[in-house]
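> Next one to model:
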Amino acid sequence: MKADARSAARFFEKPDLSRAAVLIYGQDAMRVALKRQALVARLIGSEGEAEMRLTRLSASAVRADPATLADSLAAQGFFGGQRVVLLEDANDASAKPIESALQGWRQGDAMLVITAGKLGTGAKGLRKLIESHQAALAIAIYDDPPSAEEIDRQLAAADIANLANAARQDLHVLGSSLDPGDFAQLVEKLSLYTRGQAEPVSVADIAAVAPVSTEAQSDAAIELLAAGKAAELAPQLTRLDAQGISPVSLVLAAQRYFRLLHAAATHSGGPDAALASVRPPVFGPRRNRFMGYLRGWHPERLEAALKTLTDTDLALRSSRPIPAHAMLERAFVRIAMLRQNS
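A predicted model of the protein is given here:
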């Protein structure tokens, strides 16, 4: 049987124990793994694996010995309770042993949870087998961002319920833009960070555990540049130079930031519309600072800044010997002065 989005969400929330098998498949392996993990936890609880109510099988082992799958489904545990047989990385070659095992399945046997990547619709394929089986369920996991309701359910599962409105909005932005695995880690960290906290989870709490930008070391210098604080740039650039941050990497980071400023300043829908499409998202205190910097820049000054950065990038990459640090410092101070004079 093929599940639509609503019935799939209902099954993950409250699994139907009368099902013999469920197939979870999709192109994004992380999304599939997270759904599988949540489903198995629902079925057997946190102690299920310790109580030997979970059997893990590989697709290659089942193809080599098809009887292993049927035997695992029919086996009885020592502790009673729901049992699960997990078959991971299945494909169309797994269809025949799965079909044979399901023919002998009876109520009270373990539920078979199958994970797979992208599957075709061939008549003898795995997807067709599960969709046509009355006691089985096929659930496709798409790469679409999760809905607000799905994000709220994930937060509730981590006992994050007391949220300030701004914090909830930021988590919805992060949940719809981050990789599912990264967002799951963020939720776990946030749950631990705010455990026992009486006041609502705040934007600052999220910022404290959110993934750090790959150019975090250069963020301070770029923000001084965007703020037009020319006098503070030289010592900051000297510190970064001592840490081994190359002038080229700083110019590239500045180009990305100033392109974003220019996009926000010129977007027909306004800065909010421009920032909505940014990945990774700009949120919380960083977003507030960004909007403050933006108010001090006119589009033509931003274009001049981008031209200076492009010229500096080309000069730094040239084959002739140049004083790279001095050239970077001059370019950044010149750009900061544009902000001061705008």
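> Send over stretch 119-127 as CSV, restricted to the C-alpha atoms.
Taking C-alpha atoms only, stretch 119-127 is exported to CSV below (Å, rounded to 0.1, in the frame of the first residue of the first chain):
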residue,chain,number,x,y,z
LEU,A,119,13.5,3.3,-6.3
GLY,A,120,11.9,2.8,-9.7
THR,A,121,8.4,1.6,-10.4
GLY,A,122,9.3,-1.7,-12.2
ALA,A,123,6.8,-4.5,-12.0
LYS,A,124,9.2,-6.7,-10.1
GLY,A,125,10.8,-4.0,-8.1
LEU,A,126,10.8,-3.5,-4.3
ARG,A,127,8.6,-0.4,-4.4
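> what does that stretch rub up against?
Residues from elsewhere that reach stretch 119-127, judged by Cβ atoms under 8 Å, 6 or more residues apart in numbering: Leu23, Tyr25, Ala90, Asn91, Asp92, Ser94, Ala95, Ile98, Ile114, Ala116, Lys128, Ala138. Any C-beta I mention is one placed from the backbone N, CA and C, and that applies to glycine too.
> Give the buried residues for it.
Buried residues in stretch 119-127, counting neighbours by 16 or more other Cβ atoms under 10 Å, are found at Leu119, Gly125, Leu126, Arg127.
> could you dump those residues to TSV with pLDDT and secondary structure?
Putting these into TSV (pLDDT from 0 to 100; DSSP: H, G, I helix; E, B strand; the rest coil) gives the following:
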residue	pLDDT	secondary structure
Leu119	90	coil
Gly125	90	coil
Leu126	93	helix
Arg127	93	helix
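> Would you mind giving the residues you listed as JSON lines with distance to Gly48 added?
As requested, those are arranged in JSON lines below (distance: Cβ to Cβ, whole Å):
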{"residue": "Leu119", "distance to Gly48": "27"}
{"residue": "Gly125", "distance to Gly48": "30"}
{"residue": "Leu126", "distance to Gly48": "25"}
{"residue": "Arg127", "distance to Gly48": "27"}
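> Averaging pLDDT per element, find the lowest-scoring helix or strand in this structure.
Lowest by mean pLDDT, DSSP states H and E among the helices and strands of the chain is helix 271-276, with a mean of 70.
> Show me what counts as buried in the helix or strand that it is followed by.
Helices and strands here follow DSSP states H and E; after helix 271-276, the next one along the chain is helix 284-294. Of the residues in helix 284-294, those buried by neighbour count under the rule 16+ other Cβ under 10 Å are Gly284, Arg286, Arg287, Phe290, Tyr293, Leu294.
> Now tell me which of those the prediction trusts least.
The member of those with the lowest model confidence is Gly284, at 69 (criterion: pLDDT).
> So the nearest residue to Ala164 once chain neighbours are set aside versus Ala33, what's the distance?
In space, and not counting its chain neighbours, Ala164 is closest to Pro200: 4.5 Å by Cβ to Cβ, 6 or more residues apart in numbering. Distance, Pro200 to Ala33, by Cβ to Cβ, to the nearest Å: 31 Å.
> neighbour count winner among these two?
When Pro200 is set against Ala33 and neighbours are counted by other Cβ atoms under 10 Å, the residue ahead is Ala33, at 18 against 15.
> wait, that one sits on Gly117?
No: in this structure, Ala33 is not within contact of Gly117 by Cβ atoms under 8 Å, at 11.1 Å.
> quick one, what contacts Asp65?
When the contact criterion is Cβ under 8 Å, 6+ apart, Asp65 has no partners at all.
> neighbours of Ala204, just the number please.
Neighbours of Ala204 under the rule other Cβ under 10 Å: 11.
> For it, grab phi and psi.
Dihedral pair for Ala204: phi -60, psi -40, per degrees, to the nearest 10.
> In this structure it contacts Pro285, no?
Yes: taking Cβ under 8 Å as the contact criterion, Ala204 and Pro285 are neighbours in contact, 7.1 Å apart.
> Figure out the helix or strand that the nearest residue to Thr310 once chain neighbours are set aside lives in.
In space, and not counting its chain neighbours, Thr310 is closest to Gln255: 7.3 Å by Cβ to Cβ, 6+ apart. Counting by DSSP H and E, the element that carries Gln255 is helix 247-266.
> nearest to Arg106, of the contacts of stretch 119-127?
Sorting those by distance to Arg106 puts Ile98 at the head of the list, at 16.0 Å, by Cβ to Cβ.
> So Trp105 lies in a strand, does it not?
No: assessed by DSSP: H, G, I helix; E, B strand; the rest coil, Trp105 does not belong to a strand; its assignment is coil.
> show me the contacts for the nearest residue to it once chain neighbours are set aside.
For Trp105, the nearest residue in space outside its immediate sequence neighbours is Ala20; the separation is 4.4 Å by Cβ to Cβ, 6+ apart. Ala20 makes contacts with Leu102, Trp105, Asp109, Met111, Leu112, His133, Ala135, Ala136, as judged by Cβ under 8 Å, 6+ apart.
> and the second one, what does it touch?
Under the criterion of Cβ under 8 Å, 6+ apart, the contact list for Trp105 reads Ala20, Ala21, Leu73, Ala74, Leu112, Ala135.
> Okay, Thr312 and Glu223: tell me how far apart.
18 Å.
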